[in-house]
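Enquirer: predicted model and sequence follow; I will ask about them next.
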Amino acid sequence: MEAGQLWRQYVIAGVANIAMASSGYSMGWTSPIYIKLQDENLTDSPLPAPLTIDEAAWVGSLLPIGAIMGSLIGGIAASKIGRKWGLLCAAFSQLVGWILVTTATNVGFLYGGRIFWGIALGMQFTLLPMYCAEIATDDVRGALGSFLQTFMNVGYLLVYGIGPYTSYSVVAYVGLAFVAVFAICFFFMPETPMYHLSKNNRELAEQCLKRIRGQSHAGVESELNQMAAHISASMEKTATVADIFRGSNFKAFYITCALAFFQQFSGINAVLFYMSNIFSAAGSNLDWSISTIIVGAVQLVASMITPLVVDRLGRRILLLVSTCGTAIALGLLGMYYLLSDQESPVVSSIGFLPVLSMVLFIVTYSWGLGPLPWAMLGELFPIEVKAVATPLVSGFCGILTFLVTRYFEPIANAVGMYVAFWLFGVCCLAGFFFTLFLVPETKGKSLQEIQDMLVGRKSKPGKA
């Protein structure tokens, strides 16, 4: 059997996920930039007046509103123009967003920029899991699917690192450059063979597969035949929204929606969007800019572990560790805020606790809750349902993100920050038991074997 070149899959998936790094940069933009926009002296703000609390809440929450729209656009793009060109269209939306933010003269420009960033993010969350799952062999599909969170964290760390120490304009210009780097590099990457097969173009599918695998016609022929048979069986009828709620499709749908719920109601976006505010409000001994860089660095390093181990340890064990660890971290963070609210004398001696809790939260979140819902989204649905179901799951995730980012601060102010964090902790604990009893293990299984498992039938030996 002809040996392939495994590194090609990693390179192609890595280039595709530069888009996610760019989105991570735009998502983390709020943390250092809010300080500049809310400065009473307007020292480094393009706005005519400081950002109000309500305006800041809308700036934070309009990105997920855009993501809801983007997920629907991404689903259409996936089936009409393909995964590759859909991702390039998302880059154009991101570019428009950065132009609006760069040239902002009032808060309306920021609202528009955040919406366009959100549209790009929704498209990427829809298209990237498909792209990575469809170019990957079974033994590395989990690793490539986990790239999404790792590259997003690269973007977060970059904006955390340069945001506090450079001007508003420099941060925006770096964002523009990020989009350009992705668009230029990804233009030269292949489309997925499965997309070409779904359009009955076997010749283009073979060319793409040879390029992805680094093999000759003879080397890819068997895999191409298996893909074609899978596509043929899947495309016998056009999938509709109603098909998502039938049989194994519904099982895949409620699992992925539940994982998206636990991911968002772990409080990750509230924590990241308002990180500087959290450290300032907590009275941490560390400067908020240093704290966010520490957390961003830990987040990146932790997320790099998942691609290395997910195809050996499996999805379930990482999700169990992740939900348990985040629950403990949120419990500690909530306890700190409770003691702070009660003006306990012990607070002065545990100023390290918010940073320690954030590090534990970020590490364990990055091992499972961050990357694996998206990796499994690319695995659990059959090809004909994927283009319909993925936008719905991504859109649902966008709604949850909006709810968390828009209402976290008002609710925390009303009931206490400690109550808000404890509620997130309870959700993480619920995620632990959901994973324990209902999430299937997909490690090492082909896409067809996963479908067989969901419907409760045994795969034939050698079936791929």
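Expert: Now that the structure is in, tell me what you want to look at.

Enquirer: isn't residue 74 right up against residue 121?
Expert: No: look at residue 74 against residue 121 with CB atoms under 8 Å: they stay out of range, at 9.7 Å. (Glycine included, C-beta is placed from N, CA and C.)

Enquirer: shared neighbours, those two?
Expert: The overlap between the contact sets of residue 74 and residue 121 (CB atoms under 8 Å, 6 or more residues apart in numbering) consists of residue 90.

Enquirer: what's the burial count for residue 457?
Expert: By other CB atoms under 10 Å, 10 other residues sit near residue 457.

Enquirer: do the same with residue 350
Expert: Per other CB under 10 Å, the neighbour tally for residue 350 reads 16.

Enquirer: what does residue 151 give?
Expert: Neighbour number of residue 151 under other CB under 10 Å is 24.

Enquirer: sticking with it, tell me its helix or strand.
Expert: Assigned by DSSP states H and E, residue 151 falls within helix 141-162.

Enquirer: which segments of this protein make up each domain?
Expert: The chain is divided into the following domains under automatic domain parsing: 7-189+237-455, 192-236.

Enquirer: for the ones you listed, which one ends up most surrounded?
Expert: domain 7-189+237-455 (a mean of 21; mean count of other CB atoms under 10 Å).

Enquirer: so what would you say the end-to-end distance of it is?
Expert: 34 Å (CA to CA, to the nearest Å).

Enquirer: quick check: residue 198 vs residue 228, distance?
Expert: 10 Å (CB to CB, to the nearest Å).

Enquirer: try residue 64
Expert: 38 Å.

Enquirer: again with residue 136
Expert: Note on residue 136: its distance to residue 228, by CB to CB, is 17 Å.

Enquirer: other SSEs contacting whichever strand or helix holds residue 292?
Expert: Element membership for residue 292 (DSSP H and E) is helix 288-313. The contact analysis (3 or more CB pairs under 8 Å, 6 or more residues apart in numbering; DSSP states H and E) places helix 288-313 against helix 30-37, helix 141-162, helix 275-282, helix 315-341, helix 353-364, helix 372-380.

Enquirer: I'd like to check the angle between that helix and helix 315-341, please.
Expert: 160 degrees (axes from the mean of the first three to the mean of the last three CA atoms, to 10 degrees).

Enquirer: I'd like the average pLDDT over helix 288-313.
Expert: For helix 288-313, mean pLDDT is 83.

Enquirer: what of stretch 407-424?
Expert: The model assigns stretch 407-424 a mean pLDDT of 88.

Enquirer: again, but for stretch 125-140
Expert: Average pLDDT, stretch 125-140: 89.

Enquirer: same thing with stretch 362-379?
Expert: 88.

Enquirer: same question for stretch 28-47.
Expert: On average, the pLDDT along stretch 28-47 is 86.

Enquirer: just the CA trace of that stretch, in PDB.
Expert: Provided in PDB are the C-alpha atoms of stretch 28-47 (Å, rounded to 0.1, in the frame of the first residue of the first chain):
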ATOM      1  CA  GLY A  28     -10.500  39.200  22.200                       C
ATOM      2  CA  TRP A  29     -10.400  42.800  20.900                       C
ATOM      3  CA  THR A  30     -13.000  43.900  23.500                       C
ATOM      4  CA  SER A  31     -10.800  43.100  26.500                       C
ATOM      5  CA  PRO A  32      -8.000  45.600  25.900                       C
ATOM      6  CA  ILE A  33     -10.000  48.100  23.800                       C
ATOM      7  CA  TYR A  34     -12.800  48.600  26.300                       C
ATOM      8  CA  ILE A  35     -10.400  50.300  28.600                       C
ATOM      9  CA  LYS A  36      -9.400  52.700  25.800                       C
ATOM     10  CA  LEU A  37     -13.000  53.400  24.700                       C
ATOM     11  CA  GLN A  38     -14.200  54.000  28.300                       C
ATOM     12  CA  ASP A  39     -11.400  56.400  29.200                       C
ATOM     13  CA  GLU A  40     -12.900  59.700  30.300                       C
ATOM     14  CA  ASN A  41     -10.000  61.600  28.700                       C
ATOM     15  CA  LEU A  42     -10.500  59.900  25.300                       C
ATOM     16  CA  THR A  43      -6.700  59.600  25.100                       C
ATOM     17  CA  ASP A  44      -6.700  56.800  22.600                       C
ATOM     18  CA  SER A  45     -10.300  56.500  21.400                       C
ATOM     19  CA  PRO A  46     -11.800  57.400  18.000                       C
ATOM     20  CA  LEU A  47     -15.200  58.100  19.600                       C
END
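
Enquirer: how about the residue lying closest to residue 453 once chain neighbours are set aside, secondary structure?
Expert: In space, and not counting its chain neighbours, residue 453 is closest to residue 440: 6.0 Å by CB to CB, 6 or more residues apart in numbering. Assigned state for residue 440: coil (three-state reduction, DSSP: H, G, I helix; E, B strand; the rest coil).

Enquirer: list the contacts for residue 440?
Expert: 255, 316, 450, 453-454 are the contacts of residue 440 under CB under 8 Å, 6+ apart.

Enquirer: wait, which of these is closest to residue 181?
Expert: residue 450 (34.1 Å; CB to CB).

Enquirer: isn't the closest one right up against residue 442?
Expert: Yes: the criterion here is CB under 8 Å, and residue 450 meets it with residue 442 at 5.3 Å.

Enquirer: hey, what's in contact with both of these two?
Expert: 379-380.

Enquirer: residue contacts, residue 263?
Expert: Each residue near residue 263 by CB under 8 Å, 6+ apart is listed here: 369-370, 373, 397.

Enquirer: quick check: residue 414 vs residue 408, distance?
Expert: 11 Å.

Enquirer: pLDDT below threshold where in this structure?
Expert: Applying pLDDT under 70 to the chain flags the ranges 1-2, 233-239, 272-286, 288, 458-464.

Enquirer: the longest helix seen in the chain to helix 30-37, inter-axis angle?
Expert: Counting residues, the longest helix in the chain under DSSP state H turns out to be helix 383-415. Per the same axes, to 10 degrees, the angle that helix 383-415 makes with helix 30-37 is 50 degrees.

Enquirer: helices or strands up against helix 383-415?
Expert: Against helix 383-415 (3+ CB pairs under 8 Å, 6+ apart) you get helix 53-80, helix 107-135, helix 217-234, helix 241-244, helix 247-264, helix 268-273, helix 372-380, helix 417-438.

Enquirer: how far off centre is it?
Expert: Offset of helix 383-415 from its chain centre (CA atoms, centre = their mean, to the nearest Å): 12 Å.

Enquirer: what does stretch 156-174 give?
Expert: That offset, for stretch 156-174, works out to 21 Å (CA atoms, centre = their mean).
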